[in-house]
Structure formats: structure tokens, C-alpha cells
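> everything below, folded, please.
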Amino acid sequence: MALVVLTVSVSAVVLPYSSGAAVLAEGSRRTLAAKLAGDLLDEIAVTDYSDIMTVYGSYSESQGNIYKAWSCDTFDNDIYSNFSRTTVCKYYTIGSGRNITSMGIKVTVTVSYDGRQLASISTLVAK
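Predicted structure coming up:
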């Protein structure tokens, strides 16, 4: 009987710690995903306007093949192994008919972890 009481007591103490560790890991992944998205947006923002659609129009980096900003090297740290990134670029205009005005390119970067979207950031890149 004492063993059962001890087991229940230990479970009551240990379970909150394991839940806290899971929340901490998720927060770390989301923070890293936001940084990866921001890094790619920074790289796109300094790309020549005429090349953005060609290079990043439907760009993707598969899980485990995330490239370092401004580099042709992938991250070799295991922390990046389950992340993937994609971009969608669309010309952004306002108005209708003959009064259409091009405002630039809307760029959206999405970062996923094990196929689950963690971060998505959009910006407008003007000429």
C-alpha cells in the first residue's frame, strides 16, 4: 500500500515538470522558426527587385535542408533537422480596370517543423 501511495505522489510531482519541458521545447522551436523566416525575408529584401520572382517565387527548402542566410551552406546542427521553409511571392496591386497601380511584391515565408506550420511572415517589397 505504501508503494502505491509513493508512486502516485511521485507522479504528481514529476508530471508538471515533463509538461513544462514540452512547453519550453515548443517555445524554442517557434522562436527559431520566426528567426529562420526573418532571415530569409532579409535575404529577399536585398535581392534585386527584378530577380525576386525568379529566385523566390515558389522557393522551398525541404526538411533538414535549411540554408544559412547569404550562404550556400546548410545548417549542420541537429536542431535544424526537422525544419523546412517555403516562400510565396505575388505581385501586389491596388485599383481596378485601367487604374491598377503596382505596389510591389508581397512575399510570404512559412517555416514548418515536422510538417506543422510554426511561423509565417509576410512583407511587401517595393521597386
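> what about Ala21, neighbour count?
Ala21 has 10 neighbours, counted by other C-beta atoms under 10 Å. Quick note: C-beta positions are derived from backbone N, CA and C, even for glycine.
> mind checking the SS state of it?
Following DSSP: H, G, I helix; E, B strand; the rest coil, Ala21 is assigned to helix.
> what separates Ser62 from Lys106, distance-wise?
24 Å (C-beta to C-beta, to the nearest Å).
> more neighbours: which of the two?
Neighbours were counted for Ser62 and for Lys106 using other C-beta under 10 Å; Lys106 has more, 15 against 10.
> spatially nearest residue to the more buried one (excluding sequence neighbours)?
Spatial nearest neighbour of Lys106, excluding adjacent residues (C-beta to C-beta, 6 or more residues apart in numbering): Tyr92 at 4.3 Å.
> next, the buried residues of stretch 117-127.
118-119, 121, 125 (16 or more other C-beta atoms under 10 Å).
> and which of those residues is nearest to Tyr56?
Among those, Val125 lies closest to Tyr56 (C-beta to C-beta), at 9.7 Å.
> residues contacting that closest one?
44-45, 49, 52, 104-107 (C-beta atoms under 8 Å, 6 or more residues apart in numbering).
> now the phi/psi pair for it, please.
As for Val125, its main-chain torsions (degrees, to the nearest 10) stand at phi -100, psi 120.
> so the residue positioned nearest the centre of the chain is in which element?
Nearest to the geometric centre of the chain sits Val111, at 2.4 Å (C-alpha atoms, centre = their mean). Using DSSP states H and E, Val111 falls within strand 101-113.
> mind giving me the packing neighbours of that strand?
In terms of contacts (3 or more C-beta pairs under 8 Å, 6 or more residues apart in numbering; DSSP states H and E), strand 101-113 is packed against helix 2-45, helix 49-56, strand 83-94, strand 116-125.
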